[in-house]
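> 3D, please:
(2 chains)
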Amino acid sequence: MNDQAEPKERIGVYVCHCGSNIAATVDVADVAVWAKERLGDEGVVITHDYKFMCSSLGQELIERDIKEEGLTRVVVAACSPHLHEKTFRTACARAGLNPYLCELVSIREQVSWVHSDRQAATEKAKAVVAGGVERVIHNEPLEPLHIPIHPATLVVGGGIAGIQAALELADSGHQVYLVEREPSIGGHMAQFDKTFPTMDCAACILTPKMVDAGGHPHIDLFTWSEVVRVDGFVGNFTVTIRKKPRYIDTDLCTGCGICWEKCPKRVIDDVYEAGLGYRKAVYTPFAQAVPKYPVIDPENCTYFINGKCRACEKFCPTDAIKFDQEEEFITVQVGNIILATGFDLFDARRVPQYGYGRLANVFTSLEFERLCNAAGPTNGQIVMRDGVTKPESVAVIHCVGSRDRNYNNYCSVICCMSSLKFAHLVKERTGARVYNFYIDMRTAFKDYDEFYQRVLEEGTIFVRGRVAEVTDAARLPSEDGKLIVQVEDTLAGRQRRIPVDMVVLSAGLEPRHDAKAVAHQFGISCSANGWFIERHPKLDPVATMTEGIFIAGTVQGPKDIPASVSQGAAAAARVLGRINKGEIELEPVRATIDARHCSGCRICNGLCPFNAILFHEDKMVSEINHALCQGCGTCVAACPAGAISGSGFSNEQIMSQIEGLLLFDRPVRSRHFSAV
Amino acid sequence: MEQFEPVIIGFTCNWCSYRAADLAGTARIKYPPNIRLIRLMCSGRMDPTFVLKALAEGADGVMITGCHPGECHYLDQNYKALRRVLLLRRTLGQMGIEPGRVKLVWASAAEGVRLAQEIGHFVEEIRDMGPLNWPGRLAAAHVNGNGNGRVVMPALSEMESVGD
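Numbers count the residues shown, from 1 in each chain, chains lettered A, B, ... in the order given. Just a heads-up that it's a prediction; the model follows:
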């Protein structure tokens, strides 16, 4: 505090009545008069109380005083800064004062609305104003950061959300790098047979988009590839992509398919066929794969195992087989990144009482999708595990691994509708009796409930209750050779044992097993469940807290295809807006290291969750990248040398605010307040 | 005797607890006027010297509030605040100041009621402890000829009552 010295700044203090919202509890006129008298030594030259400071007249009052009284700092005591900070900063800017020299202190949300004793509230309001005045003296003029945006975009994950995002961007004429871990794009949707509620064939609607993405002049497709390194920051990321060796020269390969015809090694396909079908050691996951080039799986290829065979190489008409191919690392520059890495299916083995993996005719939802799919292992025949017998009765169990405190508390959103779809397909293809065991039917969204009505009318039997057990231990002759579903029918209020031939477990959605590692790599965060956290759950569902990183589809949480497509498009729109503007403006609340005081101890390096602090080995000092820094201030608090300053929240500002808040008198004894 | 009215400084996180305080206001939830809040961007910004400064300037207690573990707006900086608070409380104990005068509270932006309740409880806790009177102690240190400005340590017997 500058007690005797002439105050450096000319400060204006404006106390808002907010109608009666503040004035009813706080004596605003008294606060204004007091501020001028007691804070005059601090530089307060003018104070006003006014009915509505946020009104245009209130703002003009500030603007006039800045111009006529030569104010260099402004304190407004009104509502929360989250409501009107921008309003008053803009008013100051209009009058030629740097907007960051204006401080809004809350005497409504934090005083008049939460206290009832007028005298105590008025005293607290004075303390709050004094805190604001002491703080604003140390405010520094700041300028927003302008970051140029590289026009290319990285999309990670080639499922429907990623494909949609990539196409939206590429169709607008901007370069996209689409990275997919599997040999083909398409994601989970490519494995499905039909899509609810319209029962379009998934391949029919997905394949054209895959082909578009595969052949698009503005999309560089990296399949069988992974992102291994992300450097840089919004506007200018440097991304390193590892291209796993396909052992196929894609410049020569025509995708004719002779190699996998001739390959003698048959392998169970755990990924695309969900373990129900086979592929060869050289394969494309499915007929419509994009790109059309196969990959050789070295773990199963006879040549890689014992050095003999090379049948594919012998028969390849274009000599495209390259057993000596090595992994490649490719570096690309992008301005923004969209993560659409999808979900993993809940492993139904984790619910032992449902018998998956132990009882042959218990299937998971993904297996059942493959059974129904005309291109699947049974050519679309719904048959039991023996591959020939058609079931006469089928049970579909909802909420396996979802809405269950033993596994995941959340609702997986899609399972009710996909279970209804299964019921419909079983009816249509086999005429079998179908049971659906559900807890609640959740068929929100367009045309979904109509589909439920339709399945009801088709004669599917709905039993409300969580299934206790699926067993093959018969108690009655009628149960012999069947799977018995033991359930409490909560509508009938009794236990039931229902014998069926086949059980389908509608397994829930889970975050990818490596979601946490991916989140760490891109500097974003996961919820407790493991889904990526959006910037705002309602108002900003596709952005993340890290500038330049967006999310789309089921990485953000369980959702169906229309919602994933919407998010893919939404994320693309957000990126496009930035590309078109060419730059973004960032709040200048950032930390800065004064290299003269930095001792090079590197304590701050490990504290930054955004990897914004770079250590210069040559100069032995750390430096903060302002585009990466989010302004949390943890490093500022940690620096033992005091070399780091946090603009907008500097030590001087906070220390002075503490002094201001404690400048005068203790709180008046409150008479009427009662603790909650 | 008149009831002791403590002065408490509260540090809030811009993203959760400051918004919780806003929400308490919007919902007109009442809590005692003894607390005065300072907005930080994150509980991780909380420099322990801020707490010492507040206590030295006349506050009787300091409340630090942040996002719940796992919900930090800046990924995990609230854990760093937690570590600092634990160390700081131990240091305070060694200085002869009740560690209970510094309290860490997690409050999400939705927990206006909870924040108000915590403030109410904390005011009562500090009220029971009585005035800190740090400036007074400093002055006493000077008067007693301990001119180096250090706080005079209380006797060991006094310290035994200190604890959590």
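> Which secondary structure state does A:Val228 sit in?
Of the three states, A:Val228 takes strand under DSSP: H, G, I helix; E, B strand; the rest coil.
> Kindly provide the distance from it to A:Val156.
Taking Cβ to Cβ, to the nearest Å as the measure, A:Val228 falls 12 Å from A:Val156. All C-beta spots, glycine's among them, are computed from the backbone N, C-alpha and C.
> how many neighbours does A:His424 have?
By other Cβ atoms under 10 Å in any protein chain shown, 20 other residues sit near A:His424.
> Let me see the backbone angles for the residue nearest to it when sequence neighbours are not counted.
The spatial neighbour of A:His424 that comes closest, neighbours along the chain excluded (Cβ to Cβ, 6 or more residues apart in numbering or on different chains), is A:Val455 at 5.4 Å. Phi and psi for A:Val455, reported as degrees, to the nearest 10, are phi -70, psi -40.
> residue contacts, A:Val455?
A:Val455 makes contact with A:420, A:423-424, according to Cβ atoms under 8 Å, 6 or more residues apart in numbering or on different chains.
> Count the residues that sit near the residue of the stretch 1-150 of chain A found nearest chain B.
Of all residues in the stretch 1-150 of chain A, A:Glu109 sits closest to chain B, at 3.0 Å by Cβ to the nearest Cβ. By the criterion of other Cβ under 10 Å, A:Glu109 has 26 neighbours.
> Which of the three states applies to it?
Look at A:Glu109: counting by three-state DSSP, its state is helix.
> what pairs with the residue nearest the centre of chain B across the strands?
Residue closest to the average C-alpha location in chain B (Cα atoms, centre = their mean): B:Val62, at 1.5 Å. Beta-bridge pairing of B:Val62, defined through DSSP bridges, involves B:Ile9, B:Val102.
> list the contacts for it?
Here B:Val62 is in contact with B:8-11, B:51, B:54-55, B:101-103 (Cβ under 8 Å, 6+ apart).
> Give me the buried subset of these.
Neighbour-count burial (16 or more other Cβ atoms under 10 Å in any protein chain shown) applied to those gives B:8-11, B:51, B:54-55, B:101-103.
> what packs against the host helix or strand of A:Glu469?
Assigned by DSSP states H and E, A:Glu469 belongs to strand A:467-471. For strand A:467-471, the packing partners by 3 or more Cβ pairs under 8 Å, 6 or more residues apart in numbering or on different chains; DSSP states H and E come out as strand A:393-400, strand A:483-489.
> Mind listing what's buried along stretch A:645-657?
Applying a neighbour-count criterion of 16+ other Cβ under 10 Å, one finds A:645-651, A:653-657 buried in stretch A:645-657.
> do the same with stretch A:569-576
Under the neighbour-count criterion of 16+ other Cβ under 10 Å, stretch A:569-576 has A:569-572, A:574-576 buried.
> Could you do stretch B:106-124 as well?
By neighbour count, with 16+ other Cβ under 10 Å as the criterion, the buried positions of stretch B:106-124 are B:106-109, B:111-120, B:122-123.
> likewise stretch A:151-171?
So, applying 16+ other Cβ under 10 Å, buried residues of stretch A:151-171: A:151-170.
> Repeat that for stretch A:498-518.
Within stretch A:498-518, the residues that count as buried by 16+ other Cβ under 10 Å are A:498-512, A:515, A:518.
> Now go through the residues you listed and say which are in strands.
Counting by DSSP state E, the buried residues of stretch A:498-518 place A:498-500, A:502-507, A:509-511 in strands.
> May I ask which two of the residues you listed are separated the most?
Farthest apart among these by Cβ to Cβ are A:Pro499 and A:Pro511. That separation is 36.3 Å.
> show me the contacts for the closest residue to B:Lys80 other than its chain neighbours.
Nearest non-adjacent residue to B:Lys80, counting by Cβ to Cβ, 6+ apart: B:Gly44, 4.8 Å away. By Cβ under 8 Å, 6+ apart, B:Gly44 lies in contact with A:607, A:632-634, A:637, B:66, B:72, B:74, B:77-78, B:80-81.
> Rebuild these as a markdown table, extending it with secondary structure, distance to A:Ile22 and pLDDT.
Output for the contacts of B:Gly44, formatted as a markdown table (DSSP: H, G, I helix; E, B strand; the rest coil; distance: Cβ to Cβ, whole Å; pLDDT from 0 to 100):
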| residue | secondary structure | distance to A:Ile22 | pLDDT |
| --- | --- | --- | --- |
| A:Leu607 | helix | 39 | 92 |
| A:Cys632 | coil | 31 | 92 |
| A:Gly633 | coil | 30 | 94 |
| A:Thr634 | helix | 34 | 94 |
| A:Ala637 | helix | 33 | 94 |
| B:Gly66 | strand | 28 | 95 |
| B:Cys72 | strand | 32 | 84 |
| B:Tyr74 | coil | 32 | 85 |
| B:Gln77 | helix | 33 | 91 |
| B:Asn78 | helix | 32 | 92 |
| B:Lys80 | helix | 36 | 93 |
| B:Ala81 | helix | 32 | 94 |
